[in-house]
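K.L.:
dropping a prediction and its sequence here:
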Amino acid sequence: MKRPFSYRLNIFLFLLPGLVLFLGILIGPIVMSGYYSLFNFTSINDANKEFVGLQNYITLFSRQLRSANTGAMYVNDKYMGDALGNSLILAALSTFIQLPLALMIALRLGKGIRGERAYLSIFFMPVLISTVIIGRLWMNIYDPGDAGILNAALRGLGIDKWLFPRITARITSSTLPFNGQWTGFRETALGAAFIPILWQYVGYHMLLMYAGIKGVPLDLLEAAQLDGCTEGQVNRLIIVPYIKPILRVCVVFAVTGSLKSFDLVYALMKDTTKAELPSTLMYKLLFLHNQYGLGSAIAVVLIVLCFAFAILIGLIFRNRGEKVA
Amino acid sequence: MTNEKISIFPEPGNEKKHIKVSTIVIHALLILLVLINIFPLYWMLSFSLKSNDEIQGYKKQSEETRWEKIESSITGIIGDVSNIEWDAVRTAAEGSIASAVGKVVPATEIARKNDITSRITDALEEKWPAIEEAFTAIDGIFAPDKNDEDWARLRAQAEAIVNEQLGAALILEEEAEGTSEESTEEAAEPERIQFAFTNNKWKRFQSAVNRITDLQNADSEDPWSAVKDSIANVMGDQADSLDQPETVYVPPNHVGLPTSFHWSNYVSAMRTGNMGQYFLNSLIVAALAILITLLAAFMATYAITRLVWKGRLMMNKFFMLGLTIPIHAAIVPVYIILSRLHWLNTYVALIIPYSAFSLSMAILISIGFMGDIPYDLDEAAFLDGCGIWGIFFRIILPLMMPAVSTVGIYTFLQCWNELLFATIFVSAGKYRTLPVGVQQLFGQYTTDWGPIGAALSIATIPTMIVYILLSRRIQQGFIAGAVKG
C-alpha cells in the first residue's frame, strides 16, 4: 500500500526533533570523535589538523606518553593503561561486592517484611543526590584532620595505631607515612572512591532487583514451598533465575557505570592521579593540556568498551540461561 | 490430602515463634543499614549549621588560671577538716595537684587502686618527685619557726627523698641529720624504705595541710600566696604558667547536633557561593531540557508506534543505541560545535545536550505508556475528521500525562546531577549549574566547612523533598527505565 506523500512528510516531521537532537548531539559527534582521534590538534579553531593515523591510540597506551607536537615526555600518570585498569577494578568491585549485597537485601525485602517500602525508599535515597555532592561530602568524611569523621572515629577507637602503620607498610608509591590521607595514596584512593559508589548505588540495584522479585509469580514460590524447598533453594533456584534479565541490566549498569565514572573521583580528590580513571584522564588531556586528538581517542575507547561489555555481559547471561533451562 | 498439607507447613504456633526471633534480627540489621545510609546526610546537615570551631575543634582558654585551679582544689580538700578521710584527701590532692602542675596522674586512676603502698609507688615512679618537692616546700614555708636554716634543712630533706627515690640513696648530704640516718639505715632493705618513706612523706603532707588550715584560721597572712610561691619555686621555669589560664583543647563536635545554629553558613553559601543563582540555573536548564525531551520523545514515539511505515522498528532500534552511549563520547565535537556557535557558557549549551542524552530513555519509557492507549481512540478521532497532528495533540498528548511525570522525573535527575558537560560547557560565568557551583566551592572554602555543608545541603534538600513527596513515582521511573532497557 503506497501512502501519500503528505503522510510520509508527517512521519518525517514527527521524527524530526528527535532525529535532530539524536544525530546532532549523539551520533554525529561520535563519528566526529572517531575522526578527530586520528588527528593531532591543540586548538579547536585550528584548521590545520595534523593527520597522525592511529598514533594517538599508541601514544595513549604506551607507558611513556609523549606530547605529539613538542615531543616532551609526560610523566606516566597520564597513562591510559592504569586508568583503564582502575576502572576495571572498580567494575569488578561493583559487580562482586555491590550487586551481591544489593541482591541479599532485595531478597529479604522482596519476600515481604514489615516496613519494606520504608526501607527501600531510604536505601534508594542516595541515588538521587548529585554525585558531585556525594564526592564532596565523602571528601569531608575522609578528611585527614581532626574534623574528618572517619579518621576521628578510627583514632577515637584506637584502631589507627594498629591500622595506619600496616597501611604505610603496604604503600610503595610514596615514602610518606599514611596518616589518614585516604585519597592521597594510589593504594588507598581507589578503595576510598569505591565506598561512596557502593553507598550511593546499592539502593539503585536493590530497587531494580526488588521490583524483579516482586514480579515472580506467587504460584511458583508456593509450588516450591510445597515441594519442600528451603529458603536458600527458593532464592537460588527460582528467584535468581527468574530475575536474570534484571541482574543482567544491573551488571551492565555497574560495569559501564564504572567505565564512565567521572563525577565522584573528580569531586572526591583534589589530585585525581591517585585514582585516575579514563574519563578524568580525558578531561585533563582535553581541557588542561588541550590534547583534543588524544582526548577523542579516549572517548572512542570508552564507547567501544561500553558496547563491548554490554554485548559480552548479554552473552554471558544468555548462555547461563540456556544451561539452566 | 488435608493431613498432608498440614504436615508440610510448620505448626502455626512454632512458625510464629521462629519468625519472631529471626525477624527481630533482620530488622536490627536493616535498621543498622538504614543508619549507615542516612548518617552521611545527617552529618552533612549537622555540619552545615555548625561554626568552624565546632567542626574542626579549637583551643580555648579556661576561665581559671592554673593557680586558681590548684587553690580551689586544695580549698575543696581542707574545707572541713573535722571529718576528713585522709585517704581520700590524699588521693584527691595527689591527683589534682599533679594534673594542675601538668604532670598528669589522673585522680580517678589513683583512686581506683586500693592498696596505698602500691598506689603511691606507682605515682612515685615518675610523677611523684615534683609533687614531693612541692609538698616539702609547702612544709617548709609553713613551719612555725621558719628561718633560713630550717629552709635549707628542709630543702636538703626533700632532695634526699627525691634522690632516694631516684635510686641515688647514698648520695646524701651529711647536714640533713635525721633524714640521713634514716635513709642509710633503710637503704639496706629497699622494700621497707619505700614503705617507711611513703608513710613519712604522707605525715608531712598531712601536717602541711593542717598547717595551712591553721594559718587560714589564724588569718595571720595570706596563706595562699605563700603556698603559691612555694609551688612556683619548685616549678622553676614553668612558674609563670601558674598565673596564666590553662589552654584547653575542645575536640570537634563530630556527631552531635550543633550547639548553636549557624544560619550564617547558609547566608554565605548563598552570597559568596552564589548557590541561589546556581540553583535557579539548574532549575531553568532542567525545566527546558525536560520540555524539549518530552516533546521530541513523544513525537518520535508517536511516529514509531502509531504511524505505520517501513523501517519504524529499525528507527526504534536506532534510538535505543543512545542507551549505551556514554555521555563522554560526544564531548569534543559538541564542545567544538558549541564554541563555533558561540553557545558556550549559555543555558543552551546544556539544554540541548541534556535533551539529546535523555531522549533514548524518554522514548523507551514513552513507548510503554503509549502502547497502553487504545488504538480505537485514534480511529474514532480519525473518523471524526482529525488529522495526524490533531490526533497527536488532542488525543495522545492529554493521555500521556502519566508518562510526563515518569520521563520528567528521569530527565530531571539526569540534568540536575550532571557534572561533566556542565563543568566543561559552562565553566565560567553566571550560568553554572549546582554541581559546578558546588565543585568550585573547592577553591573558595577549603577549610571553612560550614558554608560547604550549607551549599551541599542547598543542593540536596530540594531533591530530597521531591523524593519524599513522589518516592513511589520516582522509583517507578527508574524501574521502568532499567527493566525495559
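P.N.:
Sure, I can see it.
K.L.:
gap between A:L226 and chain B?
P.N.:
Distance, A:L226 to chain B, using C-beta to the nearest C-beta, to the nearest Å: 6 Å. To be clear about C-beta, it is placed using only N, CA and C from the backbone, and glycine gets the same treatment.
K.L.:
now do A:E116
P.N.:
9 Å.
K.L.:
nearest residue to that residue other than its sequence neighbours?
P.N.:
A:L109 (4.5 Å; C-beta to C-beta, 6 or more residues apart in numbering or on different chains).
K.L.:
how about B:S366?
P.N.:
Using C-beta to C-beta, 6+ apart, the closest residue to B:S366 is B:T301 (4.0 Å).
K.L.:
got the CA coordinates for stretch A:93-111 in PDB?
P.N.:
The C-alpha coordinates for stretch A:93-111 follow below in PDB (Å, rounded to 0.1, in the frame of the first residue of the first chain):
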ATOM      1  CA  LEU A  93      34.300  -4.400  42.900                       C
ATOM      2  CA  SER A  94      30.900  -3.100  41.900                       C
ATOM      3  CA  THR A  95      29.900  -6.400  40.300                       C
ATOM      4  CA  PHE A  96      31.200  -8.700  43.000                       C
ATOM      5  CA  ILE A  97      30.600  -6.700  46.200                       C
ATOM      6  CA  GLN A  98      27.800  -4.200  45.400                       C
ATOM      7  CA  LEU A  99      25.500  -6.400  43.500                       C
ATOM      8  CA  PRO A 100      25.500  -9.400  45.900                       C
ATOM      9  CA  LEU A 101      24.900  -7.100  48.700                       C
ATOM     10  CA  ALA A 102      22.000  -5.500  46.900                       C
ATOM     11  CA  LEU A 103      20.700  -8.900  46.000                       C
ATOM     12  CA  MET A 104      20.800 -10.100  49.600                       C
ATOM     13  CA  ILE A 105      18.800  -7.100  50.900                       C
ATOM     14  CA  ALA A 106      16.400  -7.200  47.900                       C
ATOM     15  CA  LEU A 107      15.700 -10.900  48.600                       C
ATOM     16  CA  ARG A 108      15.000 -10.100  52.200                       C
ATOM     17  CA  LEU A 109      12.800  -7.200  51.400                       C
ATOM     18  CA  GLY A 110      11.100  -8.700  48.400                       C
ATOM     19  CA  LYS A 111       9.700 -11.600  50.300                       C
END
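K.L.:
buried residues, that stretch. List them.
P.N.:
By neighbour count with 16 or more other C-beta atoms under 10 Å in any protein chain shown, stretch A:93-111 contains the buried residues A:93-95, A:98-99, A:102-103, A:105-111.
K.L.:
my read is B:A380 is in a strand, agree?
P.N.:
No: B:A380: not assigned to a strand; according to DSSP: H, G, I helix; E, B strand; the rest coil it is helix.
K.L.:
hmm, back to that, which helices and strands does the strand or helix carrying the residue nearest to A:E116 pack with?
P.N.:
Assigned by DSSP states H and E, A:L109 belongs to helix A:99-110. Packing contacts for helix A:99-110, counted by 3 or more C-beta pairs under 8 Å, 6 or more residues apart in numbering or on different chains; DSSP states H and E, involve helix A:116-124, helix A:186-214, helix A:244-260, helix B:12-48.
K.L.:
same list, those, but as a markdown table with mean pLDDT and mean neighbour count please.
P.N.:
As requested, these are exported to a markdown table (pLDDT from 0 to 100; neighbours: other C-beta atoms under 10 Å in any protein chain shown):
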| stretch | mean pLDDT | mean neighbour count |
| --- | --- | --- |
| helix A:116-124 | 91 | 19 |
| helix A:186-214 | 92 | 22 |
| helix A:244-260 | 90 | 21 |
| helix B:12-48 | 81 | 14 |
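K.L.:
tell me the least confident of the buried residues of stretch A:93-111?
P.N.:
Lowest pLDDT of the buried residues of stretch A:93-111: A:K111, 80.
K.L.:
give me every residue that touches the residue lying closest to A:S94 once chain neighbours are set aside.
P.N.:
Ranked by C-beta to C-beta, 6+ apart and with sequence neighbours excluded, the top spatial neighbour of A:S94 is A:A254, at 3.9 Å. Contact analysis of A:A254 by C-beta atoms under 8 Å, 6 or more residues apart in numbering or on different chains lists A:91, A:94-95, A:98-99, A:201, A:205.
K.L.:
could you redo the last one with a cut-off of 10 Å?
P.N.:
A:90-99, A:102, A:197, A:201, A:204-205, A:313 (C-beta atoms under 10 Å, 6 or more residues apart in numbering or on different chains).
K.L.:
closest to A:T273 among the residues you listed?
P.N.:
A:L90 (15.7 Å; C-beta to C-beta).
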